[in-house]
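A.B. asks: Take this sequence and fold it.
(4 chains)
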Number of protein chains: 2
Amino acid sequence: MTTTEVSPRLTVDRLVAAARRLLVQGGTEAVVVREVARALSVAPSAMYKHVSGRDELLSHLVASCFAELAERCAQARDSIPYGRPRARLAAATEALRNWAIAHPAEFALLFANPRPVSPSPADAGPDGGYARFGAAFITIFVEARDVGRLRTNPQEDLTPRLRSQLRDAGEHWGLDAANMFPVVVGLQRMLGIVSVEVTGQLGWALHDPTDYVQTQLAELADNLLTPGP
Amino acid sequence: MTTTEVSPRLTVDRLVAAARRLLVQGGTEAVVVREVARALSVAPSAMYKHVSGRDELLSHLVASCFAELAERCAQARDSIPYGRPRARLAAATEALRNWAIAHPAEFALLFANPRPVSPSPADAGPDGGYARFGAAFITIFVEARDVGRLRTNPQEDLTPRLRSQLRDAGEHWGLDAANMFPVVVGLQRMLGIVSVEVTGQLGWALHDPTDYVQTQLAELADNLLTPGP
DNA sequence: TATGGTAGTGAACAATGTTCACGTCAGCAA
DNA sequence: TTGCTGACGTGAACATTGTTCACTACCATA
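C.D. replies: Coordinates of the predicted model:
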């Protein structure tokens, strides 16, 4: 197989790029097969030589956005040196929030949707987009544990069932149940807070949720990590 | 206008009922105009004599579900006598969770969606479904304030901008900014927690989020309301 | 040179949301 | 009674969308 890859007119990457442009302009509904084809000056049916259908195209788009978001968060995290988990968490969280605000359509596709297409080739799996996104944050909690800054609520009576699930989930990261609990709490609340801001779910009370969101994110970090020396 | 309402074959209510059956079976995508018509043994075009289109039908469906959910929560709240806000909040919260678990498709339509149709005739407005849903919970916080059980975080430095928005939002309920803050926190976190359970967003860590959710909801109530005598 | 696989075309098809001209029928006024 | 009007429903259309299929141009290689 020494074929020299003579630049095919169409690629999954080009399809995803065109689909994303439509997504940005008009939401998930606007990413229409015929429009994607038109944007690439190609017959609609040509798409099916690279992708099984619209659903798989959306799956690739989801995976692409997850990868971008994960990289953005990881870069922000690594812009601060190891050993300062609180600052690293703040940086990664702010990166997530900034990305969500800058790309509301993509964020809605990733999180606010009932997942029209979950089992995609690249989205799921241990090295898929969602996992890499989670890893960008979990590593911070691992670091906090190593530095003795992870706050593990002792008064939280974890049921045996929850305890075993947390143990299984944290095994890959070397985190026991008590250490995994704040990880789950952190990701769940973080997404809840950012979703509120981006999808405008709290518009009945707050026209501009910026201050509220920052307050909540700061309090969340305080609850999860003990203050530095 | 003394017309005797000679039972028209078609009604918005009947349309909504049929649409909801389809929603339950196959999600929002499955509520298809032609299927709704077929379920009522009627031509598809007949729907347009009662509703401007599919979007308005979905809007009515949203309003109907919101009303049902609001009533369920209010009933659960009132099953416990006035003066015990903590128990009333727990009851209303559990009602929300139970409804969400029993009606995942409806819950997704109401909350997990990017709101395909927000400005509906009955959904918005001061007496619309969403407002009634919020009121079912806000009344509990008002009661807690009156009984001196509302925990208003003093260490929370509210920015002037946030303070004024909270004041405006709470004016209708006689709540000032400091009292309104835990209300917003409560509703936002409550929905975040329940959404996680119903849409399975935390499946990467917890196969059965039941225990986690109950833990989180209890902790949330502890953070919002001071313990009773 | 012949071959075969890759990547694209264009015409079709089914499903869906929507519109429109028409029909029907109850109620009401002259 | 007769005729009118408006509400309600029908059936046939139309545009849009996802998808399939037969066919073709092309290019690397045996």
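A.B. asks: Contacts only, for the residue nearest the centre of chain A.
C.D. replies: Central residue of chain A (C-alpha atoms, centre = their mean): A:F133, 4.6 Å from the mean position. Contact analysis of A:F133 by C-beta atoms under 8 Å, 6 or more residues apart in numbering or on different chains lists A:F66, A:L69, A:A70, A:C73. C-beta here means a position set from N, CA and C on the backbone, and glycine is covered the same way.
A.B. asks: now, which of these sits nearest DNA strand D?
C.D. replies: The closest of those to DNA strand D turns out to be A:F66 (C-beta to the nearest atom of the strand; 21.3 Å).
A.B. asks: By pLDDT, give me the weakest of the contacts of A:F133.
C.D. replies: Checking pLDDT across those, the minimum falls on A:F66 at 94.
A.B. asks: Same question for the strand or helix carrying that one: list its buried residues.
C.D. replies: According to DSSP states H and E, A:F66 maps onto helix A:54-78. With burial defined by 16 or more other C-beta atoms under 10 Å in any protein chain shown, the residues of helix A:54-78 counted as buried are A:54, A:56-70, A:72-74, A:76-77.
A.B. asks: Which neighbouring elements make contact with it?
C.D. replies: Packed against helix A:54-78 by the contact rule (3 or more C-beta pairs under 8 Å, 6 or more residues apart in numbering or on different chains; DSSP states H and E) you find helix A:12-26, helix A:33-39, helix A:85-102, helix A:129-146.
A.B. asks: residues of the last one that come out buried?
C.D. replies: By neighbour count, with 16+ other C-beta under 10 Å as the criterion, the buried positions of helix A:129-146 are A:129-145.
A.B. asks: before we move on, what about the shortest one?
C.D. replies: Within helix A:33-39, the residues that count as buried by 16+ other C-beta under 10 Å are A:V33, A:E35, A:V36, A:A37.
A.B. asks: One more: the third one?
C.D. replies: Neighbour counts over helix A:85-102 (16+ other C-beta under 10 Å) mark A:85-93, A:95-97, A:99-100 as buried.
A.B. asks: Throw those residues into a markdown table and include pLDDT, thanks.
C.D. replies: Converted to a markdown table, the buried residues of helix A:85-102 look like this (pLDDT from 0 to 100):
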| residue | pLDDT |
| --- | --- |
| A:P85 | 98 |
| A:R86 | 97 |
| A:A87 | 97 |
| A:R88 | 98 |
| A:L89 | 98 |
| A:A90 | 98 |
| A:A91 | 98 |
| A:A92 | 98 |
| A:T93 | 98 |
| A:A95 | 98 |
| A:L96 | 98 |
| A:R97 | 98 |
| A:W99 | 98 |
| A:A100 | 97 |
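A.B. asks: just curious, which of those residues is nearest to chain B?
C.D. replies: A:A100 (13.0 Å; C-beta to the nearest C-beta).
A.B. asks: I'd say A:F111 and A:S195 touch.
C.D. replies: Yes. The pair A:F111 / A:S195 is scored as a contact, 5.9 Å apart, by C-beta atoms under 8 Å.
A.B. asks: Those two: who's more crowded?
C.D. replies: When A:F111 and A:S195 are compared for neighbours, A:S195 comes out ahead with 23 against 20, by other C-beta atoms under 10 Å in any protein chain shown.
A.B. asks: Report the angle between the helix or strand encompassing that one and helix B:177-199.
C.D. replies: Using DSSP H and E, A:S195 sits in helix A:177-199. For helix A:177-199 against helix B:177-199, the angle by axes from the mean of the first three to the mean of the last three C-alpha atoms, to 10 degrees is 110 degrees.
A.B. asks: how far does helix A:177-199 sit from the chain's center?
C.D. replies: Remark: helix A:177-199 is offset 12 Å from the chain centroid, using C-alpha atoms, centre = their mean, to the nearest Å.
A.B. asks: Who are the packing partners of that helix?
C.D. replies: Under the contact rule (3+ C-beta pairs under 8 Å, 6+ apart), helix A:177-199 is packed against helix A:85-102, helix A:104-107, helix A:129-146, helix A:160-171, helix A:210-224, helix B:177-199, helix B:210-224.
A.B. asks: Report the buried residues of the last one.
C.D. replies: When neighbours are counted by 16+ other C-beta under 10 Å, the buried residues of helix B:210-224 are found to be B:D211, B:Y212, B:V213, B:Q214, B:T215, B:Q216, B:L217, B:E219, B:L220, B:A221, B:L224.
A.B. asks: got it, and the shortest one?
C.D. replies: Of the residues in helix A:104-107, those scored as buried under the neighbour-count criterion (16+ other C-beta under 10 Å) are A:P104, A:A105, A:E106, A:F107.
A.B. asks: Please compute how far that helix lies from its chain's middle.
C.D. replies: Worked out by C-alpha atoms, centre = their mean, helix A:104-107 lies 11 Å from the chain centre.
A.B. asks: That one close to chain B?
C.D. replies: No. Using C-beta under 8 Å from any C-beta of the partner chain, helix A:104-107 stays clear of chain B, coming no nearer than 8.8 Å.
A.B. asks: and that helix, what does it pack onto?
C.D. replies: Packing partners of helix A:104-107 (3+ C-beta pairs under 8 Å, 6+ apart): helix A:12-26, helix A:177-199.
A.B. asks: Please work out the average pLDDT along it.
C.D. replies: 95.
A.B. asks: Please report how far the closest residue to A:N179 other than its chain neighbours lies from A:G170.
C.D. replies: Spatial nearest neighbour of A:N179, chain neighbours left out: A:R145 (5.3 Å); criterion: C-beta to C-beta, 6 or more residues apart in numbering or on different chains. From A:R145 over to A:G170 the distance is 10 Å, taken as C-beta to C-beta, to the nearest Å.
A.B. asks: who touches both of those two?
C.D. replies: Looking at what touches both A:R145 and A:G170 (by C-beta under 8 Å, 6+ apart), the common residues are A:N179.
A.B. asks: Before we move on, what's the pLDDT of A:N153?
C.D. replies: 76.
A.B. asks: for A:R9, same thing?
C.D. replies: pLDDT, A:R9: 86.
A.B. asks: Would you check how far apart it and A:R38 are?
C.D. replies: Taking C-beta to C-beta, one finds A:R9 at 14 Å from A:R38.
A.B. asks: rewinding a little: determine which of the helices and strands packed on helix A:54-78 approaches DNA strand D most closely.
C.D. replies: Closest among these, using C-beta to the nearest atom of the strand: helix A:33-39, at 3.2 Å.
A.B. asks: Enumerate every residue touching A:V196.
C.D. replies: Going by C-beta under 8 Å, 6+ apart, A:V196 touches A:L202, A:P209, A:V213, B:Q188, B:G192.
A.B. asks: Pretty sure the second one sits against A:V198.
C.D. replies: Translated: A:P209. No. Contact criterion C-beta under 8 Å: A:P209 and A:V198 do not qualify, at 9.3 Å.
A.B. asks: Spell out which parts of chain A neighbour DNA strand C.
C.D. replies: Within chain A, the positions lying close to DNA strand C (C-beta under 7 Å from any atom of the strand) are A:P8, A:R9, A:L10, A:S41, A:V42, A:A43, A:P44, A:S45, A:A46, A:K49, A:H50.
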